[in-house]
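Undergrad: What follows is a predicted protein model with its sequence.
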Amino acid sequence: MVGLHARTWPRTLKSILAAHEIGNHTEMHRVLSGLAKPAIETELLSLQAYLRSTYGVRPRFFRPPEGKINGDVIDTIRSAGMDLILWDVDSIDWTRPGFLKIARTVAEETKPGSIILMHTLNPQTVETLPVLIEYLQAAGFRLVPVSELLNRPAYLDTSPPPP
């Protein structure tokens, strides 16, 4: 979850949290490897604080924009008690290549234990997902949240969200 999106669509986030787990994807989706450490901390920790105070969750998993990291990013993630999550299958949906290219890329590259990178703000991804999910399940894959895949709780802690 990107903080800007969490704040823009709070009802959507609430419905997502009711059915799914979320991770931290920074406050403003800035590439962290080019930032000074205080800015990196702000990008990660302000979203953590917002999600905790508003929804009662602090995500354990962090995915850096573009997957770009450096020592300061790793130090900040560790200090926050979070786990770095990357992917091994890039659907390339961010290039908007069309339904068939997204589906073919994921179908050809996915193997047991894969983490697939997809972006739900892309209409092509949304169009591809139902068919892709059906195909992967028919091929014997079981789609699970990252927490189940890694056998780690999705959240560092939870508390009832404020009224």
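TA: Nice, I can see it.

Undergrad: and the residue minimising distance to the centre of the chain, what is it in contact with?
TA: The structure's the chain has its C-alpha centroid closest to Gly23; by Cα atoms, centre = their mean the separation is 4.9 Å. Gly23 is in contact with 1, 59-63, 85, 146, 154, counting by Cβ atoms under 8 Å, 6 or more residues apart in numbering. In this view, the C-beta of every residue, glycine as well, is placed from N, C-alpha and C.

Undergrad: what about the residue nearest to it when sequence neighbours are not counted, distance to Leu149?
TA: Closest residue in space to Gly23, ignoring its immediate chain neighbours: Phe61 at 3.7 Å, by Cβ to Cβ, 6 or more residues apart in numbering. Counting by Cβ to Cβ, to the nearest Å, the gap from Phe61 to Leu149 is 10 Å.

Undergrad: Between these two, which is the more surrounded one?
TA: Taking neighbours as other Cβ atoms under 10 Å, Phe61 and Leu149 compare with Phe61 leading, 23 against 14.

Undergrad: Which residues does that one form beta bridges with?
TA: Under the criterion DSSP bridges, Phe61 forms beta bridges with Asp83.

Undergrad: Give me the contact list for stretch 105-112.
TA: Applying Cβ under 8 Å, 6+ apart, the set of residues contacting stretch 105-112 is 88-92, 116, 118, 128, 132, 135-136, 139, 141.

Undergrad: Kindly recompute the last result at 7 Å.
TA: Residues lying outside stretch 105-112 but in contact with it, judged by Cβ atoms under 7 Å, 6 or more residues apart in numbering, are 89, 91-92, 116, 132, 135-136, 141.

Undergrad: ditto for stretch 74-82
TA: Counting by Cβ under 7 Å, 6+ apart, stretch 74-82 makes contact with 24, 37, 40-41, 44-45, 48, 60-62, 84, 156, all of which sit outside it.

Undergrad: let's see 10 Å
TA: Applying Cβ atoms under 10 Å, 6 or more residues apart in numbering, the set of residues contacting stretch 74-82 from outside is 23-24, 32, 37-38, 40-45, 48, 58-62, 64, 69, 83-85, 156-157.
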